[in-house]
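[1] sharing a model that was predicted from the sequence below.
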Amino acid sequence: MREIIEKCLSAKNSALIIANASSVVKDKALKIAADNLRRYSGDILKSNAEDLERSVKNGLKGSILDRLTLTEERISDMATGLEKIISLEDPIGEIIQMWKRPNGLRIGQKRVPLGVVGIIYEARPNVTVDVFGLCIKTGNASVLRGGKEAILSNKAIIKVLKTSLSQAGLPEDSIQLIDDITREGAITMMKLNDYLDVLIPRGGAGLIKTVMENSTIPVIETGTGNCHVYVDSKADKEKAISITFNAKTQRPGVCNAAESLLIHKDVAHDLLPFICSKLQEKNVEIRGDQAVCKIINYAIPANDEDWGKEYLDYVISVKVVGSVKEAIDHINKYGTKHSEAIITEDYSNAQRFLDEVDAAAVYVNASTRFTDGYEFGFGAEVGISTQKLHARGPMGLKALTSIKYIIYGDGQIR
């Protein structure tokens, strides 16, 4: 446990240096890191192969195994993500606004780093690079605690990133990896509010619940994704088919994949067979309500648990609703405030859906799969926040900043 505390202390000491680093130096570090990721991809892939072999032997499969897997292409994408961050404007030091009081004081708000960002995540080695890039750009130090499945992959990546920081003249202790992958180690990290300024969990519902219940550090909740697609009575047929298919099957093991389909009763008989037939191309299991099972003879009857379940697999729950209001009420009851979509050509229904659905990202005629830092133009993301305080939705650069008030006076006293 002492090692965890020492690493967090080292990160805190480094945060004081990196917070005042220039944009030029920070971008230099990111460019070197991108180049080094490509240069040493073989070493990373070798470590990842060992993680995969061990995890398969331990029974890991499905979406979690997909998240753990690295390829040359995925490492290249990680490097490209860092280069994208370089191209973005550095938010640190931005004067958000300034005003003058009657007593002559000039008061302003200046954007500053959060300090030390802690991340607890599961089998996602790409998160290691995303967090590094966003934290370095915003002058934050970071302490990462990945899952046991990806420990060797993360060690190999962290080695490359630390070397890159040193080559750029920045303290390599600005990023730390907690090697202790025990539950006790994670709980210890959750209590180090003297060293960490914020803690962000990325993973399944169990991990997020554990962090929320045990952390004494302020937590930004990155929730699970029970995402819905609602096909309205005024939906375009081709859009309904293609968007539902993409949202469910493009990558089913991620949090912005659709887990539930709602369809208006007026178009259910006409559209649902086409939508489900398309889903069958990927062998998606249909779990439907009574109305759905009458239309789709291969649908499995859904139970109450299906409406709130994040499958992360080729399974989707399907329900027929009588109105846009019923669809909205269902989403607000069972959704996880992540990403929701309506397929409609009716402006009023679209606007009502946008206004009344309580979620971080609400779409009209587009796939929920776009809820992503890279797709939103952020270069990467440190997580997708489903809460409402400080940050919501994909967390890019500005989500990793706070503000300080700066006040210019000329001898004023109160």
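    Noted; the coordinates are in hand. Residues are numbered from 1 along each chain as shown.
[2] in space, what's closest to residue 108 - neighbours in sequence excluded?
    In space, and not counting its chain neighbours, residue 108 is closest to residue 98: 3.7 Å by C-beta to C-beta, 6 or more residues apart in numbering. C-beta: built from backbone N, CA, C; applies to glycine.
[3] wait, is that neighbour part of a strand?
    Yes - with DSSP: H, G, I helix; E, B strand; the rest coil as the criterion, residue 98 is located in a strand.
[4] thinking residue 312 is in contact with residue 248, fair?
    No - between residue 312 and residue 248 there is no contact under C-beta atoms under 8 Å: 11.3 Å.
[5] between these two, which has more neighbouring residues?
    residue 248 (28 against 21; other C-beta atoms under 10 Å).
[6] residue 207 contacts residue 124, correct?
    No - using C-beta under 8 Å as the test, residue 207 is too far from residue 124 to be in contact (11.3 Å).
[7] run a quick neighbour tally on residue 163.
    Every residue meeting other C-beta under 10 Å relative to residue 163 is counted, giving 15.
[8] cool, residue 5 as well?
    Residue 5: 15 neighbours (other C-beta under 10 Å).
[9] and what of residue 96?
    Residues near residue 96, counting by other C-beta under 10 Å: 11.
[10] mind listing what it touches?
    Listed by C-beta atoms under 8 Å, 6 or more residues apart in numbering, the contact set of residue 96 reads 108, 109, 110, 111, 403.
[11] in these, find the pair that's most separated.
    108 and 111 (10.6 Å; C-beta to C-beta).
[12] quickly list the domain ranges of the chain.
    According to automatic domain parsing, the chain comprises the domains 2-220+395-408, 227-370.
[13] quick check: residue 393 touching residue 370?
    No - judged on C-beta under 8 Å, residue 393 makes no contact with residue 370 at a distance of 11.1 Å.
[14] mutual contacts of the two, please.
    361, 376.
[15] more neighbours, the two?
    Taking neighbours as other C-beta under 10 Å, residue 393 and residue 370 compare with residue 393 leading, 22 against 17.
[16] could you report the pLDDT at that one?
    Looking at residue 393, its pLDDT stands at 93.
[17] ok, now residue 209?
    87.
[18] could you do the one 3 residues further on as well?
    Here the pLDDT value assigned to residue 212 is 90.
[19] now it. Nearest residue, chain neighbours left out?
    Residue 212 sits nearest to residue 219 (C-beta to C-beta, 6+ apart), 5.9 Å away.
[20] how near is that neighbour to residue 383?
    In this view, residue 219 and residue 383 are 11 Å apart by C-beta to C-beta, to the nearest Å.
[21] hang on, isn't residue 359 packed against residue 341?
    No - Residue 359 is beyond contact range of residue 341, at 9.7 Å (criterion: C-beta under 8 Å).
[22] comparing those two, which residue is more hemmed in?
    Set residue 359 next to residue 341 and count neighbours by other C-beta under 10 Å: residue 341 wins out with 29 against 23.
[23] what residues sit buried inside stretch 190-199?
    Burial within stretch 190-199, assessed by neighbour count using 16 or more other C-beta atoms under 10 Å, is assigned to 190, 192, 195, 196, 197, 198, 199.
[24] over to stretch 94-110?
    Within stretch 94-110, the residues that count as buried by 16+ other C-beta under 10 Å are 108, 110.
[25] and what of stretch 200-214?
    Those would be 200, 201, 202, 203, 207, 208, 210, 211, for stretch 200-214 by 16+ other C-beta under 10 Å.
[26] which element, helix or strand, includes the fifth one?
    I take that to be residue 207. In this structure, residue 207 sits in helix 205-214 according to DSSP states H and E.
[27] and the next helix or strand after that helix, what does it pack onto?
    On the C-terminal side of helix 205-214, the closest following helix or strand by DSSP H and E is strand 227-231. For strand 227-231, the packing partners by 3 or more C-beta pairs under 8 Å, 6 or more residues apart in numbering; DSSP states H and E come out as helix 237-249, strand 258-264, helix 265-280, helix 324-334, strand 339-343.
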